[in-house]
Each structure stands twice: as structure tokens, then as C-alpha cells.
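Enquirer: Pasted the sequence and its predicted model underneath.
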Amino acid sequence: MKVSVAYVTKAKQAVLKVELPEGATVQQAIEKSGILARFPEIDLTQQKVGIYTKVVALDAPVPDGARIEIYRPIIADPATVKRREKAE
């Protein structure tokens, strides 16, 4: 089956295609994609992952055609950022 693994930073983004056997997990897809070597700051013990914006566990099975997303940690409260932007 074919899936993609996506990660985005302020400076760059990557969407890597991966071919996996049936029953593969999210973690197996991430590891096979090579994205961890490309973005060494990714820490799967701390960062959440999802499939099409729905947060899932690393041991969740991956359906064919899925887009696995690795989410960056939130560094500011989104409500605070919006208020700051309006004040400027």
C-alpha cells in the first residue's frame, strides 16, 4: 500500500511517499519514510501524529492512501496570538 508522511516547519515542508505492507503502523511508516533523518528535531515521544488531522497513536494501523502528519509542538496559546495580532 502507498501512504505519505508529512512534516512542516516555518522554513520548509516535506511530504514523502512510502510503500508499506498491509498492517503497517504509523511509526513504521514514519521510520521508513526517512523523515526523521531529514528533520532530526522530530521527537516522536513528545510530538503528536495524525492521519488526515485526526490524532492517532504510533501503533495505529495505516490505511492505504493515508496522509500521516507529524505535528509540531504548540509554543504559544493560539487565542493569545490572535489577540496580539489584532492589537498591532
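Expert: On my side now, so go ahead.
Enquirer: how about the helices in the chain?
Expert: Assigned helices in the chain, in chain order: 26-33, 35-38, 78-87 (criterion: DSSP state H).
Enquirer: mean pLDDT lowest for which of those?
Expert: Mean pLDDT values for the helices of the chain show the minimum at helix 78-87, a mean of 57.
Enquirer: check contacts around Thr53.
Expert: Glu69 (C-beta atoms under 8 Å, 6 or more residues apart in numbering). Placement of C-beta: from N, CA and C, glycine included.
Enquirer: And for Gly23?
Expert: Contacts of Gly23 by C-beta under 8 Å, 6+ apart are Pro61.
Enquirer: ok, which stretches of this protein are strands?
Expert: Residue ranges of the strands in the chain, as given by DSSP state E, are 2-8, 13-19, 49-51, 54-56, 67-70.
Enquirer: number of nearby residues for Val3?
Expert: 22 (other C-beta atoms under 10 Å).
Enquirer: what stretches of the protein score poorly on pLDDT?
Expert: 75-88 (pLDDT under 70).
Enquirer: sorry, back to before: closest to Glu41 out of the strands of the chain?
Expert: Closest to Glu41 of those, according to C-beta to C-beta: strand 2-8, at 9.7 Å.
Enquirer: by contact count, what packs against that closest one?
Expert: Judged by 3 or more C-beta pairs under 8 Å, 6 or more residues apart in numbering; DSSP states H and E, the packing partners of strand 2-8 are strand 13-19, helix 26-33, strand 67-70.
Enquirer: and Lys48, which of these is closest to it?
Expert: strand 67-70 (8.1 Å).
Enquirer: tell me the contacts of the closest residue to Thr9 other than its chain neighbours?
Expert: Excluding the flanking residues, the one nearest Thr9 by C-beta to C-beta, 6 or more residues apart in numbering is Arg72, at 6.9 Å. By C-beta under 8 Å, 6+ apart, Arg72 lies in contact with Val8, Thr9, Gln47.
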